[in-house]
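Trainee: Quick one: sequence plus predicted model below, questions after.
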Amino acid sequence: MNKLSREEVLHVAHLARIKVTDEEIEKYQIDLKKLLDDVDKINDIEVESEELLVTPVEQDSVLRSDQETSSVSFEEIKKNVPAVTGNFVEVPVMIGE
Amino acid sequence: MNNLKLSIKEIHSRLVNKEITPLDLVEECYEKIEENSILNSFITVNKVEATEYAKELSKQEVEKDNLLWGIPIAIKDNISTKGIRTTCASRMLENYIPIYDATVIEKIKEQKMIIIGKTNMDEFAMGSTSRTSYFGSPKNPVDPTKITGGSSGGSAACVAGGLVPLALGTDTGGSIRQPASYTGIVGMKPTYGRVSRYGLIAFGSSLDQIGPMTRNVYENALLLNTLVGRDKKDLTSADKEIEDFTRLIGQEVKGMKIAIPKYFVSDIVSPIIIEKLNRVVEILEANGNTVEYIDMKYLDQAVTLYQIIAMGEASSNLARFDGVKFGYRSENSSSVEEMYENTRGEGFGKEVKRRIMVGSYLLSGDNAKTYYDKALMIRNAMKQEFDKVFKEYDFILGPTTTTVAYPLDENLDDPTKSFMDDVLVIPVNMAGLPGMSIPMGKDQDNMPIGLHIIGNRFEEAKMYQLAYDLEKKLK
């Protein structure tokens, strides 16, 4: 059966920052190939104009005055943070010792 | 107690006449939810707060001019509700409690409506059956062995099952209209920009819209009245004058020109569904309207376009779920990079992961030109194709779905099937048009069949006029 290689799946998983298990890799080799074959059909579609449609209903951009507006406090935000130390969000070490 | 079976107008008059209070309505909702727990239509019920609020309202004077005063409503679980858990049906947000309300929620609260709970859905709205929910599938009230459709499956199920009279859904590629069709209710995806998306947890930002899911056409228009308007917090929201979407309801539909694209009645659609559509055509023609079958380019390529645009935008939007500031975080990671990968690997379900991976690939390096830019070119061409039709016709009609709702255990292992379920409704999101589904009959097993009405941009009121007229005549 037509499928992606292990390396290709790992490359795509890395782009998406998603860890995949060995068992999952086998499944993705088939599933992702199926989806990618599907989207490849785009190359067979002919189109006259090269104009891109970014948003279906155009709106004028609106600027606001450069003034401070209300925002939420860290006390509020903190409630949803997985790990907090004082007024800081805690994450694993980013720079080696 | 049987107040929930009544129309909103009748409930309102009982409230005004002090025959019932909002508390009666809320208690009845929770009784019904409990009795019908098999439907699994809610992820979170808001019982304590809703009951308290209903008590408070019960002491107040009823707002006589506000039909929605004290009326219970259910909210899809990807719309942020301050203080009420909002999960997107994902493990990633299992314990997430928003600290602000979406703009639509603020508007609903201004009307003094009562939020009953948050409804089940496909994880991050990705799916056509609601089976990708981390909290188990909701079930179709018409036949609980069948899917509700999706992604707004819980909202559809709770309205169709009579648990709550009104609900909000969201529609990125058919997620309001398709489950409305499968469960036999009315669902409207408004024009892109009609309703603010502020506080809607984004999936495909250029496609997403919030819209009403209701038991009938009139109540749908009534609920849309409260949702619309320019919002400074969403620059894609449209600056349109406030209008009453019920204003044309009751006026006869006559002399209208209606187009049915031949693709919408091709052999991808079940014969019984075509049969029901033919009856609609007969009714329209008998009342002095013209119906013509037309050729439209690109409709058969909508799924491919959708896959590229929706998966691409999803991969970008869902990059925010990294375990740092909110949501699930995987323990025991030795670096930040590892924390991202573990968190996303463990926190997302398989459909979501598949779509993010494909989306990331499609947007990486030169692929963005080959796939995404090409898709946007075709999207532009498709929009122009619709614009051409609307120069000549008032509406485009077709079936909402190609089949009726199928058994819960069918088509579980095909990663492309969920896209095909929405083949007839996706083009509407591509062109930013309003689209709605209303019931047009049932098949031999009593499963509902939906009629899909597509209008020109910002012509929702005219669509409600047609929908109401047909609703009456199809009875």
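Mentor: Structure received.
Trainee: For residue 82, which non-adjacent residue is closest in space?
Mentor: Went with chain A since none was named. B:R329 (3.8 Å; Cβ to Cβ, 6 or more residues apart in numbering or on different chains). (Each C-beta comes from the backbone N, C-alpha and C, glycine too.)
Trainee: Can you look at chain B instead?
Mentor: B:K82 sits nearest to B:D101 (Cβ to Cβ, 6+ apart), 4.5 Å away.
Trainee: how many neighbours does that neighbour have?
Mentor: Other residues near B:D101 come to 20 when the count uses other Cβ atoms under 10 Å in any protein chain shown.
Trainee: got the phi/psi numbers for it?
Mentor: For B:D101, the backbone dihedrals are phi -90, psi 140 (criterion: degrees, to the nearest 10).
Trainee: Secondary structure element holding the residue nearest to A:P82?
Mentor: Following DSSP states H and E, there is no helix or strand that holds B:R329.
Trainee: quick one: contacts for it?
Mentor: Each residue near B:R329 by Cβ atoms under 8 Å, 6 or more residues apart in numbering or on different chains is listed here: A:P82, A:A83, B:G323, B:M339, B:T343.
Trainee: Those: which two are farthest apart?
Mentor: Pairwise distances across the contacts of B:R329 (Cβ to Cβ) peak at 12.0 Å, for the pair A:A83 and B:T343.
Trainee: And for the residue in chain A that chain B sits nearest to, nearest residue in space, chain neighbours not counted?
Mentor: Going by Cβ to the nearest Cβ, chain B is nearest to A:P56 of chain A, at 2.5 Å. What sits nearest to A:P56 in space, not counting adjacent residues and going by Cβ to Cβ, 6+ apart, is B:G432, at 2.5 Å.
Trainee: Would you check that the one you found makes contact with B:K383?
Mentor: Yes - using Cβ atoms under 8 Å, B:G432 makes contact with B:K383 at a distance of 7.3 Å.
Trainee: of the two, who's got more company?
Mentor: Using other Cβ under 10 Å, the more surrounded residue of B:G432 and B:K383 is B:G432, with 23 against 20.
Trainee: about what we covered before: helices - which of the contacts of B:R329 land there?
Mentor: B:M339, B:T343 (DSSP state H).
Trainee: Among the contacts of B:R329, find me the one that's closest to B:I33.
Mentor: Looking across the contacts of B:R329 and measuring by Cβ to Cβ, the closest to B:I33 is A:P82, at 31.2 Å.
Trainee: ok, which stretches of the chain are strands?
Mentor: You didn't pick a chain, so chain A it is. A:84-85, A:88-89 (DSSP state E).
Trainee: actually chain B
Mentor: Counting by DSSP E, the strands of chain B are B:42-45, B:72-76, B:114-119, B:166-171, B:186-189, B:209-214, B:257-261, B:290-294, B:395-399, B:435-442, B:448-454.
Trainee: hey, which of the ones you listed is tucked in deepest?
Mentor: Among the strands of chain B, strand B:186-189 has the highest mean neighbour count (mean count of other Cβ atoms under 10 Å in any protein chain shown), at a mean of 32.
Trainee: List of residues touching it?
Mentor: Residues outside strand B:186-189 that contact it (Cβ under 8 Å, 6+ apart) are B:152, B:156, B:169, B:171, B:174, B:176-177, B:179-181, B:209, B:211-217, B:219-220, B:224, B:428-429, B:434-439, B:460, B:463, B:467, B:471.
Trainee: Assess the claim that the residue of chain A closest to chain B and B:P434 are in contact.
Mentor: No - at 11.3 Å, A:P56 does not count as touching B:P434 under the criterion of Cβ under 8 Å.
Trainee: Am I right that B:K9 is in contact with B:I71?
Mentor: No - using Cβ under 8 Å, B:K9 makes no contact with B:I71, being 10.8 Å away.
Trainee: who's more crowded, the two?
Mentor: B:I71 (24 against 12).
Trainee: give me every residue that touches the one residue sitting closest to the centre of chain A.
Mentor: Central residue check for chain A by Cα atoms, centre = their mean: the C-alpha nearest the mean position is that of A:A16, 6.3 Å away. Contact analysis of A:A16 by Cβ under 8 Å, 6+ apart lists B:S315, B:R344, B:K353, B:I356, B:M357, B:G359, B:S360.
Trainee: now those as a markdown table including neighbour count?
Mentor: Converted to a markdown table, these look like this (neighbours: other Cβ atoms under 10 Å in any protein chain shown):
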| residue | neighbour count |
| --- | --- |
| B:S315 | 21 |
| B:R344 | 25 |
| B:K353 | 24 |
| B:I356 | 28 |
| B:M357 | 26 |
| B:G359 | 31 |
| B:S360 | 25 |
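Trainee: Give me the subset of those residues that also touch chain A.
Mentor: Among the contacts of A:A16, the ones lying near chain A by Cβ under 8 Å from any Cβ of the partner chain are B:S315, B:R344, B:K353, B:I356, B:M357, B:G359, B:S360.
Trainee: Which single one of the residues you listed is nearest to B:N46?
Mentor: Looking across those and measuring by Cβ to Cβ, the closest to B:N46 is B:R344, at 29.1 Å.
Trainee: pLDDT value on the closest residue to the closest one other than its chain neighbours, please?
Mentor: Among residues not flanking B:R344 along the chain, A:I18 sits closest, at 4.6 Å (Cβ to Cβ, 6+ apart). Note on A:I18: pLDDT of 98.
Trainee: Now the helix ranked longest in chain A: buried residues?
Mentor: With secondary structure taken from DSSP H, chain A has its longest helix at helix A:22-40. Within helix A:22-40, the residues scored as buried using 16 or more other Cβ atoms under 10 Å in any protein chain shown are A:24-25, A:27-29, A:31-36, A:38-39.
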